[in-house]
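*Asks:* predicted model, plus sequence, below.
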Amino acid sequence: MAVAVTETLPPRSRKVKILATLGPASSDPKMIRKLMLAGADAFRINMSHGDHETKTKLVDAIRALEKEFHRPSTILFDLQGPKLRVGHFEGGRTMLVKGKRFIFDHDEKAGDSSRVQLPHAELFESVKPGARILIDDGKVRLNVLEAGEGQIVSEVRVGGVVSDNKGVNVPDVVVPIPALTEKDREDLQFALDQRADWIALSFVQRPEDVAEARSLIGERAALLAKIEKPAAIDRLNDIIALADAVMVARGDLGVELPPEAVPPLQNKIVACARQFGKPVVVATQMLESMVTSPTPTRAEVSDVATAIYDGADAVMLSAESATGQYPYESVQMMDRIANSVERDPSYQARIHFTQTRLEPTTADALAGSARQIAQTVSATAMVCYTSSGATARRIARER
């Protein structure tokens with residue numbers, strides 16, 4: 001008699017978590033199941049795309065797998081945030097020529113090679129001469145010459161084609177707009193109704209952004225602040241203190257800053273989060289070539305490994321698992337890299353390059369002692385009493 005064979009979720013010995021973004025390539029319940037079996041510990045639902053009905057089906061599929069495998073997972077809803085965009089152009093696009101002047105204004109009529117609408121009135125009062133304006137992830141770059149209530153006059157420094165509704169970055173300006181748009185508030189309520197485990201807040205610039213989201217979320221979900229704006233770096237300690245976790249969102253961070261500035265900032269954010277005892281996620285383009293290739297580049301493997309050696313709590317797949325051709329293979333690869341790093345005899349020493357100073361508190365005294373005991377007797381598990389969870393988090397901080 002034939003007997004049906006059911007796959008099981010094998011025990012995972014690694015400590016770093018894998019966060020996989022769901023999208024068109026991974027929205028089918030069978031694929032989500034494959035990703036969980038391959039090593040995905042948590043799933044990111046990006047609220048920038050798709051409708052609520054589609055998101056509900058994703059949540060249902062994940063929760064069903066939790067019951068099937070008798071293992072909890074984690075669902076993170078990533079809010080879109082206040083993305084700045086240009087208006088539309090005649091014919092849908094135009095060419096901006098280096099050295100020419102280009103004007104941003106409030107006029108809703110179609111733009112051309114000399115001007116376009118910028119439907120964000122707050123910017124006109126914030127930008128100053130000399131500020132940079134980046135369009136389409138920095139592919140087109142302009143410098144502000146004059147700014148007033150009705151228009152921003154700029155000079156094209158790096159030209160190129162700009163099409164309708166392309167994104168705009170202003171790295172030299174703290175934009176006076178809230179981190180939560182009306183769409184975000186609707187999406188946030190939906191996520192809470194779906195019993196989200198985590199909420200990711202995009203384009204955080206200041207601690208007040210985190211405080212506003214916290215007031216809406218309460219204790220219904222944990223709050224992750226995405227660090228992707230240069231302004232957030234200036235208030236990093238205050239932001240991490242208010243959030244439950246942070247993400248090194250290298251995509252927009254790499255647009256608004258020189259590429260060579262991102263690795264030191266990644267180290268800074270990871271170290272700061274670890275000092276606070278808050279989880280930290282490293283994200284964006286970690287295995288980018290696997291969007292179209294079944295294997296990553298050696299540099300990408302090293303990038304993932306370095307983040308784990310530095311003590312990241314989680315590493316994230318974005319387009320690789322959401323829209324790529326090899327979502328399953330991407331999770332498998334990240335799982336293999338993580339296991340390889342954690343088996344390295346030098347791993348424990350490497351993650352403690354970042355010193356986590358003990359604070360003069362009972363929780364830290366216990367955490368420091370627990371770490372010493374675990375190392376001395378090679379403890380398999382550690383159990384602690386805690387009412388708020390702080391003691392458990394401080395012990396986890398000690399790795």
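*Replies:* The structure has been received and is ready for your questions. Numbering: from 1, shown residues only.
*Asks:* per-domain residue ranges of the chain.
*Replies:* Structural domains of the chain, as assigned by automatic domain parsing, span the residue ranges 17-82+178-348, 84-169, 358-397.
*Asks:* distance between the ends of the last one?
*Replies:* As for domain 358-397, its first-to-last residue distance stands at 10 Å under the measure Cα to Cα, to the nearest Å.
*Asks:* and for the first one?
*Replies:* Length of domain 17-82+178-348, first residue to last, Cα to Cα: 17 Å.
*Asks:* what do you get for stretch 121-141?
*Replies:* Across stretch 121-141, the straight-line distance between its terminal residues is 20 Å, by Cα to Cα.
*Asks:* which of the residues in that stretch are buried?
*Replies:* Judged by neighbour count (16 or more other Cβ atoms under 10 Å), stretch 121-141 contains these buried residues: 123-124, 126-127, 131-136, 138, 140-141. Where you see a C-beta, it was placed from the backbone N, CA and C, and this is true even at glycine.
*Asks:* likewise for stretch 223-239?
*Replies:* By neighbour count with 16+ other Cβ under 10 Å, stretch 223-239 contains the buried residues 223-233, 235-236, 239.
*Asks:* restrict that stretch to CA atoms and write it as CSV.
*Replies:* Provided in CSV are the C-alpha atoms of stretch 223-239 (Å, rounded to 0.1, in the frame of the first residue of the first chain):
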residue,chain,number,x,y,z
LEU,A,223,8.1,48.4,15.3
LEU,A,224,11.1,48.3,13.0
ALA,A,225,12.6,51.6,11.8
LYS,A,226,14.2,51.5,8.4
ILE,A,227,17.4,53.6,8.2
GLU,A,228,17.6,54.8,4.6
LYS,A,229,17.9,58.6,5.0
PRO,A,230,21.1,60.5,5.9
ALA,A,231,19.0,62.6,8.3
ALA,A,232,18.3,59.5,10.3
ILE,A,233,22.0,58.9,10.8
ASP,A,234,22.3,62.2,12.7
ARG,A,235,19.6,61.0,15.2
LEU,A,236,20.5,57.3,15.1
ASN,A,237,20.7,56.8,18.9
ASP,A,238,17.4,58.5,19.5
ILE,A,239,15.6,56.5,16.8
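*Asks:* what ranges do the helices span in the stretch 51-200 of the chain?
*Replies:* 52-69, 121-126, 182-193 (DSSP state H, counting those that start in this stretch).
*Asks:* out of those, flag the one nearest D172.
*Replies:* Distances from D172 to each of these were compared using Cβ to Cβ; the shortest belongs to helix 121-126, at 9.7 Å.
*Asks:* please enumerate residues in contact with the closest one?
*Replies:* For helix 121-126, the external contacting residues (Cβ atoms under 8 Å, 6 or more residues apart in numbering) are 84, 104, 106, 118, 147-152, 170, 173-177.
*Asks:* report the buried members of those residues.
*Replies:* Under a neighbour-count criterion of 16+ other Cβ under 10 Å, the subset of those counted as buried comprises L84, F104, L118, A147, Q151, I152, V170, V173, V175, I177.
*Asks:* now do the strands in the stretch 1-150 of the chain.
*Replies:* Secondary structure of the stretch 1-150 of the chain (DSSP state E, counting those that start in this stretch): strands located at 17-22, 42-46, 74-78, 84-85, 93-96, 101-105, 115-117, 132-135, 140-147.
*Asks:* can I assume E256 is in contact with V168?
*Replies:* No. In this structure E256 lies outside contact range of V168 using Cβ atoms under 8 Å: 11.0 Å.
*Asks:* and K139, how far is that from G160?
*Replies:* Using Cβ to Cβ, to the nearest Å, one gets 5 Å for the distance from K139 to G160.
*Asks:* meant to ask about L242, not that
*Replies:* As for L242, its distance to G160 is 39 Å (criterion: Cβ to Cβ).
*Asks:* before we move on, what about A312?
*Replies:* Relative to G160, and taking Cβ to Cβ, A312 is found at 34 Å.
*Asks:* A396 too?
*Replies:* When distance is defined by Cβ to Cβ, A396 is 46 Å away from G160.
*Asks:* where does the prediction get shaky in the protein?
*Replies:* For the chain, applying pLDDT under 70 flags the ranges 1-7.
*Asks:* circling back: dump the helices of the stretch 51-200 of the chain into TSV; add distance to S321 as well.
*Replies:* Converted to TSV, those look like this (distance: least, Cβ to Cβ, whole Å):
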stretch	distance to S321
helix 52-69	13
helix 121-126	34
helix 182-193	20
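*Asks:* closest one to L76 among those helices?
*Replies:* Proximity of the helices of the stretch 51-200 of the chain to L76 was assessed by Cβ to Cβ; the nearest stretch is helix 182-193, lying at 9.2 Å.
*Asks:* helices or strands up against that closest one?
*Replies:* If contacts are counted by 3 or more Cβ pairs under 8 Å, 6 or more residues apart in numbering; DSSP states H and E, helix 182-193 sits against helix 52-69, strand 74-78, strand 198-201, helix 207-217.
*Asks:* buried residues of stretch 18-31, list them for me.
*Replies:* Neighbour counts using 16+ other Cβ under 10 Å place I18, L19, A20, T21, L22, G23, A25, S26, S27, M31 of stretch 18-31 among the buried residues.
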